[in-house]
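Chemist: Sequence and computational prediction follow.
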Amino acid sequence: MVAAGKLYSWAELAKHNTEEDCWVAIDGKVYDITKWLPIHPGGKNILLLSAGRDVTNLFESYHLVSDKPQALLEKYQVGVVSTLEHPKYVVKSKFYATLKERVRAHFKNTAQDPQSSVATLTRVALVILFQIAMYYVSVFTTTNFLVCCVLALLHGFAETMLAMHLMHDACHAALSHNPTVWKWLGYLFDMMSGASFYAWNHQHVVGHHLYTNVRGSDPDVGEAEFDFRIVTPYTPRLWFHKYQHIYAPILYGLYAFKTRVWDFDAFVRKFNGPIRVNDPQSGDLSFYLLGKLFFVVFRVVLPLAYHDFTKAAIYFVLSELVFGYWLTFTFQVSHIAGNLTFYGTPGKPEEPSEFDEDWAVSQMKTTQDYAHGCVLTNFLTGGLNHQVVHHLFPSIAQDYYPQLVPIVKDVCKQFNITYHIRDNFKDAFQSHIDHLYHMGNDPAFVQLPLSNKNTKKSN
């Protein structure tokens, strides 16, 4: 039950998104947390990322160990939110409450720290050293064309591991309890990859994770009426989409190029897809610019000093294709498949609807795992073959995902909720290709109407 108080629209809430004036909405209540910023145990950056928006499910999923934050919030309430920028999950099920209790008990009983371990820190250190080593070896140790091609592929693999094990964990505060560590690992990713950690946080943390498979809210499923592919029933099908199961996976390799070029949109237009981007801190902007400069110097200028232009261009493309394919295949197979749920919301300027569903249950419906029990797959995907556990508990280090699977399975059985699991990556990948085919060709997968009263779901 939302307490009475002054009413604020989402547009009014959005104006309070700075360090000097920081408001958030949680469960319909509006809180002025400006004074809490400097004393927040998780640091101010994650709160500034949340500023000016509804972060109900972010708050729920990132506070596993204690219920104390909920009690601390009350004294900061200034009103209630009256309109929605994005759809709201209005049901609070016993499923997630029970699951959180079980997971919390697991870490207490096993005396493990959910955000840190020797294995966690060792893994991150190794991928950083691997990236540096592969860059040096691929650029400076040989000019043999075939050897350089192989080394370029390995460098692309090293870039991918850096993203999977450093960038992804750091953006979710899943590496240590120290917010300074998360921030500087993010800056390090900017410098080593040339892609913006700050822009990624908006796309992934406050976009994709809060609104998984929601058209018009999840940046990963698109919102435009014209797109190179269609993955939800709420986008018009065009003639070329009948071939998307063939050309889309090929185009996925361009993802790395796209990311490094289009992240400027977050700093200029202040949007990442449908997600508003708050003003960056000075460090975010500085390391974004330095990252671009370092990328040009280390990936273009220095290689050209040791290799001719054509060969250097080939090595660059090979490396980036590996990076692009690896990331997109890993992410796409987890959410874009025919057995999963997609949600449609009314088109702007109509107000988004409410979901008559629990957020955690929606994560179970929109996400699938694969290759449980395979240590190699765990490492190569950064633990994201356990995507369900990751979405339910994003701030837990990936090293613990396999331990939590039996708990999630047990609670799902208790509440009669399906846990989507594929035997291996091949099956998961095939489910993605099948979905692309049906979306482009099957008459049953037609565009569904959108209502401004009820949010639609498609299974």
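Modeler: Arrived safely, thanks for sending.

Chemist: What about residue 36, how many residues nearby?
Modeler: A count of nearby residues for residue 36, using other CB atoms under 10 Å, gives 18. Glycine gets a C-beta too; all of them are placed from N, C-alpha and C.

Chemist: and it, helix, strand or coil?
Modeler: Under the three-state scheme (DSSP: H, G, I helix; E, B strand; the rest coil), the conformation of residue 36 reads as helix.

Chemist: The one 5 residues further on now?
Modeler: Each residue gets one of three states, and residue 41 gets coil by three-state DSSP.

Chemist: any idea how far residue 47 is from it?
Modeler: Residue 41 sits 11 Å away from residue 47, taking CB to CB, to the nearest Å as the criterion.

Chemist: Look at those two and report which has more neighbours.
Modeler: Here residue 41 and residue 47 are set side by side on neighbour count (other CB under 10 Å), and the busier one is residue 47, at 19 against 10.

Chemist: close enough to count as contact, the more buried one and residue 32?
Modeler: No: taking contacts as CB atoms under 8 Å, residue 47 lies outside contact range of residue 32: 11.8 Å.

Chemist: Which residues are in contact with each of those two?
Modeler: With contacts taken as CB atoms under 8 Å, 6 or more residues apart in numbering, residue 47 and residue 32 have residue 22 as neighbours in common.

Chemist: what does the average pLDDT come to for stretch 342-359?
Modeler: When pLDDT is averaged over stretch 342-359, the result is 73.

Chemist: Kindly report the same for stretch 444-451.
Modeler: Per-residue pLDDT values across stretch 444-451 average out to 58.

Chemist: Same question for stretch 385-400.
Modeler: Averaging pLDDT residue by residue across stretch 385-400 gives 97.

Chemist: how far out from the middle of the chain is that stretch?
Modeler: 12 Å (CA atoms, centre = their mean, to the nearest Å).

Chemist: Could you do stretch 187-204 as well?
Modeler: In this view, stretch 187-204 has its centroid 12 Å away from the chain centroid, taken as CA atoms, centre = their mean.

Chemist: Can you measure across that stretch, start residue to end residue?
Modeler: When the termini of stretch 187-204 are compared using CA to CA, to the nearest Å, they are 17 Å apart.

Chemist: shaky segments in the chain?
Modeler: 1-4, 223-226, 345-352, 446-459 (pLDDT under 70).

Chemist: quick one: the strands in it?
Modeler: Defined through DSSP state E, the strands belonging to the chain, from first to last, are 7-8, 17-18, 21-26, 29-32, 77-81, 88-91, 214-215, 271-272, 275-276, 342-344, 354-358, 369-370, 421-422, 456-458.

Chemist: Reformat these as CSV; add mean neighbour count and distance to residue 401.
Modeler: Written out in CSV, the entries for these read as follows (neighbours: other CB atoms under 10 Å; distance: least, CB to CB, whole Å):
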stretch, mean neighbour count, distance to residue 401
strand 7-8, 16, 38
strand 17-18, 17, 33
strand 21-26, 22, 26
strand 29-32, 19, 31
strand 77-81, 18, 34
strand 88-91, 18, 23
strand 214-215, 26, 24
strand 271-272, 18, 26
strand 275-276, 20, 26
strand 342-344, 26, 25
strand 354-358, 17, 21
strand 369-370, 22, 9
strand 421-422, 19, 13
strand 456-458, 17, 27
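
Chemist: Make TSV from these and add distance to residue 440 to it.
Modeler: Rendered in TSV, the data for the strands of the chain read as follows (distance: least, CB to CB, whole Å):
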stretch	distance to residue 440
strand 7-8	43
strand 17-18	39
strand 21-26	38
strand 29-32	43
strand 77-81	39
strand 88-91	30
strand 214-215	16
strand 271-272	26
strand 275-276	27
strand 342-344	15
strand 354-358	27
strand 369-370	23
strand 421-422	22
strand 456-458	15
